[in-house]
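> Mind folding the following:
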Amino acid sequence: MAAERSGISEAPHGAGAPTTAELIDRLSRFDGPPEQFLLNLLAVQCYLAAASGGAILRPGKEGAQVLAVYPAIPEGSTAPVWLAQAAEMTQQASATGGTTIRPLRMPDEMYGQPSSHHLVMVPIRGGSAARSTAAYYIEARDSGALAAARERLELTVSLLSFYEMRLALQRRTVDLQRIRLAMETLSAINEQEHFAGAAMTMCNEIASRVQCDRVGLGFLKGRYVQLKALSHTEKFNRKMKIVQDIEAAMEECLDQDVETYHPAPPEVTFVGRAAKELSGRHGPTAVASLPMRRAGNAIAVFTVERPLDKPFTLEEMEAMRLTCDLCTARLGNLYEHDRWFGARMAAAARKGLAAAVGPKHTWVKLTAVIVLGLILMLIFGKGDFDAGGSFTFQATEQRVVPVPFDGYLQDVQVDQAQVVHKGQALANLDASQLYTELAGREAERAAALIKAATAWGSDKNDKRAEAMVAEYEAKKIDADIAQLNWKIGHASIVSPIDGTIITGDLKRLIGKRVQTGDVLFEIAPLDMLRAELAIPEDQIAEVRDGVDGQSGELATANYPDQRIEFKVDRIIPVAEVVDQRNIFKVRAALPPDVLKTHPWIKPGMEGVAKVHIGKKPYGELWTRQIVNWVRMKLWI
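Numbering: from 1, shown residues only. Below you'll find the predicted structure:
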């Protein structure tokens, strides 16, 4: 019987039978597993309530789950009728929240007679809801006996809560002991300033507190684990067989990154061959190895040994696991700090390279690579540095066409920017008055000549002087006629060269009087052009002229896709103010055949020009203006 196995015996009422107080006291002091406690509880309840059987059931989605049943059902037997009906009623009984009594109709009972078999369902509450239900099968013909049995069952079912509270207190006590072991060990380690002392302290503390024969601590060095401390052992030789076996067991644990121990049940999945060999060669002992991790990576292994008849319990393994977790950071820092400078530098470099080329933090590394590439490009990459500004095509020389004589402008035959050829008529002055004057002067000349001829033909001596005066008047008139003929011949103003009309929009002056010397037209030769650039003052210092003048390219506003090369010829050393900015004029020489390759070029066209200064780093190119501004503001 379950009650007998647990030390709670069933005895008939009478001499030697345990009292109710004794049975309850035994249950309250029970410290076995929960499964055994449930059987003992049912046995005591059935004994006190004179029940034929009892069960504890937990409701579920797929039906009730039987947690314990008393008396035990033989293997292969069918569940009794009361237990099957109790399983069907579990969900409903849990929902009611109170004790439920249902009569059970037996096959041998007569129809119409009151039932003597009852099913008592008592909910077992956890918090504010029923978590399970206790079902009892009671045979009672008297309602008073049934009520008494119900009362006893309701009173004794609370023993389960007391047992759970005692288990919780026991677990809390075990947790406190585990934390105490870990904290006291960590406190002892923190008192040490060097790794060797801290490692030895940890091994000795665990050996004394967990009652181990031998405790070792090994750290990963390269690809292998090296034993660094052994409990109660100041010095040891790594060539010793026991040291080699301990390191083999540690490496076995580290390679699998799981706790390994011996003896181990058959169902474990880890490999414990090295731990078994360590136990067999230097024991027999119970061996357990625990990996010590920092930042998720195993850096050391902690191995403990004690007699084989005292295997490590689950509570002890959890306590040592917590101790390792708390002490790993301190031991790891001391281990790295106590190494010589070269080893620390090599470890730091290896860690940095592992982080750089490892598989983690892909986006961070990609961003870092991009940023590094941009920085390298800014420092070592070079681009074209150009001094830019606007430009205007100008003629290298200009021919002025002035008014040849005073007169009135009769007509204008050309417009500004028109291409003209040498001898082409540009405008005409009104010559009608000149023709009238010419006719009058010619008549006067003829009269003077007739007078002179008449005087010379006379025989009188006094007529000779008169003839000479007349001839002189004729010659004077000839000069005036020549001048009038010249004016008439120049009344049609023609172009002296082939070129383009730069200024000369004179149609508004037709019919108005013009005076000798007034400029009517300015003509630029077609084959003699240059570009005049306007360079800002912050870039002019980079531009050179003369023999070693820099080259560049320009593009006009109407043909921005066609680039024309030029060479800097001269820098005008006087600044001009344009749009509230100081600019310097730079004259640039164009190729000789520029008009052949670009026949559309006209004087006065404008655009943008770039003077090629040279190659400079992109960082300097992109930050040049802001750096110069900061230097000016801070005066550095």
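
> Just to be sure, Y137 is in a strand?
Yes - when DSSP: H, G, I helix; E, B strand; the rest coil is applied, Y137 is found to be in a strand.

> Where does the closest residue to A395 other than its chain neighbours sit: helix, strand or coil?
The shortest distance from A395 to any non-neighbouring residue, by CB to CB, 6 or more residues apart in numbering, is to A524 (3.0 Å). All C-beta spots, glycine's among them, are computed from the backbone N, C-alpha and C. Put simply, A524 is strand when judged by three-state DSSP.

> ok, A524 to K360 distance?
The gap separating A524 from K360 is 73 Å, by CB to CB, to the nearest Å.

> what's the answer for F302, then?
From F302 to K360 the distance is 26 Å (CB to CB).

> next one: R178
32 Å.

> which one of those two has more residues nearby?
R178 (19 against 8; other CB atoms under 10 Å).

> Does the more buried one belong to a helix, a strand or coil?
Three-state call for R178 (three-state DSSP): helix.

> D518 versus that one, what's the distance?
From R178 to D518 the distance is 115 Å (CB to CB).

> do L529 as well
27 Å.

> Neighbour count: those two, which is higher?
Neighbour tally, L529 and D518, criterion other CB under 10 Å: the higher count belongs to L529, 20 against 12.

> What residues are bridge-paired with that one?
With DSSP bridges as the criterion, L529 is bridged to A395.

> so who does the residue found closest to C324 once you drop the neighbours it is linked to in the chain touch?
Closest residue in space to C324, ignoring its immediate chain neighbours: M292 at 4.8 Å, by CB to CB, 6+ apart. M292 sits next to A298, I299, A300, V301, F302, C324, D325, C327, T328, L331 when contact means CB atoms under 8 Å, 6 or more residues apart in numbering.

> One more: A248?
Listed by CB under 8 Å, 6+ apart, the contact set of A248 reads A274, E277, L278.

> which element is the residue nearest to C324 on?
Taking DSSP states H and E as the definition, M292 sits inside strand 285-294.

> List the buried residues of that strand.
Residues T285, A286, V287, A288, S289, L290, P291, M292 are the ones in strand 285-294 that count as buried (16 or more other CB atoms under 10 Å).

> Backbone dihedrals for G98, please?
Phi and psi for G98, reported as degrees, to the nearest 10, are phi -130, psi 180.

> From T133, how far out is the closest residue to it other than its chain neighbours?
Using CB to CB, 6+ apart and skipping the chain neighbours, the partner closest in space to G98 is P123 (7.1 Å). P123 sits 5 Å away from T133, going by CB to CB.

> between the two, who's got more neighbours?
Set P123 next to T133 and count neighbours by other CB under 10 Å: T133 wins out with 27 against 22.

> Isn't that one up against Q65?
No - the criterion here is CB atoms under 8 Å, and T133 misses it with Q65 at 10.8 Å.

> Need the overlap of contacts for the two.
Between them, T133 and Q65 share these contacting residues under CB under 8 Å, 6+ apart: L57, R58, P59.

> Now distance to R209 and pLDDT too, for those, in a markdown table please.
A markdown table is the format used below for those (distance: CB to CB, whole Å; pLDDT from 0 to 100):
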| residue | distance to R209 | pLDDT |
| --- | --- | --- |
| L57 | 44 | 86 |
| R58 | 40 | 84 |
| P59 | 45 | 82 |
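
> Quick one, grab the pLDDT at the residue nearest to G98.
Per-residue confidence at P123 stands at 84 (pLDDT).

> for it, phi and psi?
Dihedral angles (degrees, to the nearest 10) for P123: phi -70, psi 140.

> residues touching it, list them.
Taking CB under 8 Å, 6+ apart as the criterion, P123 is in contact with A93, S94, T96, G97, G98, T99, A130, S132, T133, A134.

> What of L278?
D245, I246, A248, A249, H262, T285, V287, E305.

> quick one on the thing from earlier: can you tell me which of the contacts of M292 is closest to F391?
Ranked by distance to F391 (CB to CB), the contacts of M292 are led by I299 at 70.6 Å.

> I'd like to know how far that closest one sits from L449.
136 Å.

> what does K512 give?
Here K512 is placed at a distance of 39 Å from L449 (CB to CB).

> more neighbours, the two?
L449 (16 against 9).

> ok so, going back, secondary structure and pLDDT for the contacts of L278 - can I get that in a markdown table?
Converted to a markdown table, these look like this (DSSP: H, G, I helix; E, B strand; the rest coil; pLDDT from 0 to 100):
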| residue | secondary structure | pLDDT |
| --- | --- | --- |
| D245 | helix | 92 |
| I246 | helix | 93 |
| A248 | helix | 93 |
| A249 | helix | 93 |
| H262 | strand | 90 |
| T285 | strand | 92 |
| V287 | strand | 93 |
| E305 | strand | 94 |
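
> what's the farthest-apart pair in the residues you listed?
Greatest spacing in the contacts of L278, by CB to CB: A248 and T285 (14.9 Å).

> can I have the strand holding M292 written out in PDB, keeping just the CAs?
What follows is strand 285-294 as a C-alpha-only set of coordinates in PDB (Å, rounded to 0.1, in the frame of the first residue of the first chain):
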ATOM      1  CA  THR A 285      35.800   9.500  -8.600                       C
ATOM      2  CA  ALA A 286      32.700  11.400  -9.700                       C
ATOM      3  CA  VAL A 287      33.800  14.100 -12.200                       C
ATOM      4  CA  ALA A 288      32.000  17.200 -13.400                       C
ATOM      5  CA  SER A 289      33.300  19.900 -15.800                       C
ATOM      6  CA  LEU A 290      31.600  23.200 -16.300                       C
ATOM      7  CA  PRO A 291      32.400  25.700 -19.100                       C
ATOM      8  CA  MET A 292      33.000  29.300 -18.000                       C
ATOM      9  CA  ARG A 293      31.600  31.800 -20.500                       C
ATOM     10  CA  ARG A 294      32.100  35.500 -21.100                       C
END
